[in-house]
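Chemist: Please work out how this folds:
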Amino acid sequence: MSINSLSAPSASMALLQASQASNAQNLKDMKDSKNDARAKEAADEFEAVFITEMIKPMFEGISTDGMFGGGKGEEVFRGMMVQEYGKLIAKNGGIGLSSQIKEQIIKMQEQADNVTKTAN
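Modeler: Predicted structure coming up:
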């Protein structure tokens, strides 16, 4: 047996293990970025709903024009309009609630992961 035949399998094995470790890290990074994106999306949606609920009372006292306004249609569409206002405000920076919520979601995910890991 030559030295080359003995070192080749161990070198191949080392490369395979390094490749698997690299792939595992890439999968973890992809999972983390996916979770991060989902946490941001959830936080943004929460902020939009919160803002909508905060600005809703501003529109309750507004009277409507008798000739072209009023009725059930306006009630429905006013609610939808206020909801869209909330989404737009949140999308354009909001009130700073989204980033704090995202941080808390990520902390909760990390704690859940740690509990799962210690249970296994």
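Chemist: The residue nearest to residue 40 when sequence neighbours are not counted: how many residues sit nearby?
Modeler: For residue 40, ignoring the flanking residues on the chain, the nearest one in space by Cβ to Cβ, 6 or more residues apart in numbering is residue 102 at 5.3 Å. C-betas here are computed from N, CA, C, even on glycine. Counted with other Cβ atoms under 10 Å, the neighbours of residue 102 add up to 20.
Chemist: how far away is residue 102 from residue 91?
Modeler: 15 Å (Cβ to Cβ, to the nearest Å).
Chemist: Can you list the buried residues in stretch 90-98?
Modeler: 90, 94, 97, 98 (16 or more other Cβ atoms under 10 Å).
Chemist: Which member of those is positioned nearest residue 35?
Modeler: residue 98 (15.9 Å; Cβ to Cβ).
Chemist: pLDDT at the residue nearest to residue 40, what is it?
Modeler: pLDDT recorded at residue 102 is 88.
Chemist: can I assume it is in contact with residue 38?
Modeler: No. Using Cβ atoms under 8 Å, residue 102 is not in contact with residue 38, being 9.9 Å away.
Chemist: one step back: among the buried residues of stretch 90-98, show me the least confident.
Modeler: Within the buried residues of stretch 90-98, pLDDT is lowest for residue 94, at 85.
Chemist: Please, which helix or strand holds the closest residue to that one other than its chain neighbours?
Modeler: Closest residue to residue 94 apart from its sequence neighbours, by Cβ to Cβ, 6+ apart: residue 47 at 4.9 Å. Assigned by DSSP states H and E, residue 47 belongs to helix 3-60.
Chemist: and the closest residue to residue 97 other than its chain neighbours, how many residues sit next to it?
Modeler: Nearest non-adjacent residue to residue 97, counting by Cβ to Cβ, 6+ apart: residue 47, 4.6 Å away. Using other Cβ under 10 Å, the number of residues around residue 47 comes to 24.
Chemist: my read: residue 43 touches residue 96, true?
Modeler: No. Using Cβ under 8 Å, residue 43 is not in contact with residue 96, being 11.0 Å away.
Chemist: quick revisit: could you identify the most distant pair in the buried residues of stretch 90-98?
Modeler: Across the buried residues of stretch 90-98 (Cβ to Cβ), the longest gap, 8.3 Å, separates 90 and 97.
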